[in-house]
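Enquirer: Need a 3D model of the sequence below.
(2 chains)
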Amino acid sequence: MATTALFFLFAGLAIACAISTVYHKNPLYSAVSLIGVFVSLSCIYITLAAPFIAAVQVLVYAGAIMVLVVFVIMLLNLDDDKPLQRLNYLYAVGAGLGLILLVQTFFIFYAVVKAPNKPQEESGVGKTLSIGSAMYTEYLLPVEIVGVLLLMAIIGGVILARRLSQPELELVVDNELEKRHENDQDDFRIAM
Amino acid sequence: MEPSLGSYLALSGILFTIGAVGVIYKRNAIGMFMCIELMLNAVNLTFVAFSRYYGDVTGQLFVFMVMSVAAAEAAVGLGIIIAFFRNRVSVDVDDASILKN
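Expert: Here you go, the predicted model:
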């Protein structure tokens, strides 16, 4: 009974925070609402008897990823999201597409109704021990692949965010100037 | 008494739809990025719910993998956003139209 009450409390909180994430124009408000979604999902994982995933959710999502996002928002000093000036009808199209997606999702869940509707008895699934032993025996290869992926992401992030060296910067500026010059000549021809 | 599997899946579907609509509505790249994170979390919820109802640890393991991929995506995605901001002094996706002509 208590689990059901907690589930509905945190489910409502998660949906409210998710709507607030989409609704707010200021990216910082969106980020704070998203942290609310992550924390309420973490509480829902606890009602699903998955304490390890709940802890990792708070550490990785609410901790690491959102700190990175908030850091970038602050670094770039972003102002409010500009509303769509032209093509206003696209908002209605987006709402329609969302509705279709929702109906499709529920149809899929209706199709997998054969799934068991009673949770398994306490069997240690979700404890750190069971996850750790499965991770380093049966699923060792995926873990290694994820490790390589993280290494690639580190290298990619450094290369993308680095400042260009002086010769490279001059090359970029030269290309830009050349392109503007061509554009000017085109405009001149059109004017003639 | 515990909530049924269907209620967890319904919550996941609603969160996924909100995230997808957000990706359509948001105009700046960071907002879109956050909505993608929301969709990833909705999928994680289905993994954990099925793991609980089947008594199988695989679902939770793959949640762990999804989180690692999300962290990698955050690093690379925010690097791209910073590089884009450096060139265009904006993170509005409408300004990323250099390939259009």
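
Enquirer: for the lengthiest helix in chain B, which positions count as buried?
Expert: Longest helix of chain B, by residue count under DSSP state H: helix B:58-88. Using 16 or more other C-beta atoms under 10 Å in any protein chain shown as the test for burial, helix B:58-88 gives B:59-68, B:70-79, B:81-82, B:84-85. Quick note: C-beta positions are derived from backbone N, CA and C, even for glycine.

Enquirer: Tell me which stretches of chain A form helices.
Expert: For chain A, applying DSSP H gives helices covering A:2-23, A:27-47, A:51-56, A:66-76, A:90-111, A:128-136, A:140-161, A:166-191.

Enquirer: Figure out which of those helices is closest to B:A20.
Expert: helix A:90-111 (5.5 Å; C-beta to C-beta).

Enquirer: Flag the shaky bits of chain B, pLDDT-wise.
Expert: B:1, B:101 (pLDDT under 70).

Enquirer: 90 - rerun?
Expert: Scanning chain B for pLDDT under 90 picks out the ranges B:1-10, B:24-29, B:50-57, B:59, B:75, B:79-101.

Enquirer: just checking, what packs against the longest helix of chain B?
Expert: Here helix B:58-88 touches helix A:51-56, helix A:66-76, helix A:128-136, helix A:140-161, helix B:29-54, going by 3 or more C-beta pairs under 8 Å, 6 or more residues apart in numbering or on different chains; DSSP states H and E.

Enquirer: anything in the third one near chain B?
Expert: Yes: residues of helix A:128-136 are located near chain B by C-beta under 8 Å from any C-beta of the partner chain, namely A:130-131, A:134-135.

Enquirer: list the contacts for B:L61?
Expert: A:131, A:134-135, A:139, A:142 (C-beta atoms under 8 Å, 6 or more residues apart in numbering or on different chains).

Enquirer: Now with 6 Å, please.
Expert: By C-beta atoms under 6 Å, 6 or more residues apart in numbering or on different chains, the residues touching B:L61 are A:134-135, A:139.

Enquirer: Would you quantify the distance from it to A:V56?
Expert: 11 Å (C-beta to C-beta, to the nearest Å).

Enquirer: again with A:F71
Expert: 21 Å.

Enquirer: can you check B:I14 too?
Expert: Remark: distance between B:I14 and A:V56 (C-beta to C-beta) = 23 Å.

Enquirer: where does chain A have low pLDDT?
Expert: Where chain A drops to pLDDT under 90, the residues are A:1-3, A:24-25, A:47-50, A:62-63, A:75-98, A:101-135, A:154, A:156-192.

Enquirer: Could you give the number of residues near A:V56?
Expert: A:V56: 21 surrounding residues under other C-beta atoms under 10 Å in any protein chain shown.

Enquirer: next one: B:D56
Expert: B:D56, neighbours per other C-beta under 10 Å, totals 15.

Enquirer: so how far is chain B from A:V125?
Expert: 5 Å (C-beta to the nearest C-beta, to the nearest Å).

Enquirer: again with A:M66
Expert: A:M66 is 9 Å from chain B, by C-beta to the nearest C-beta.

Enquirer: Surely that residue and A:V37 touch.
Expert: No: look at A:M66 against A:V37 with C-beta atoms under 6 Å: they stay out of range, at 10.2 Å.

Enquirer: Who has more neighbours out of these two?
Expert: Using other C-beta under 10 Å, the more surrounded residue of A:M66 and A:V37 is A:V37, with 28 against 19.
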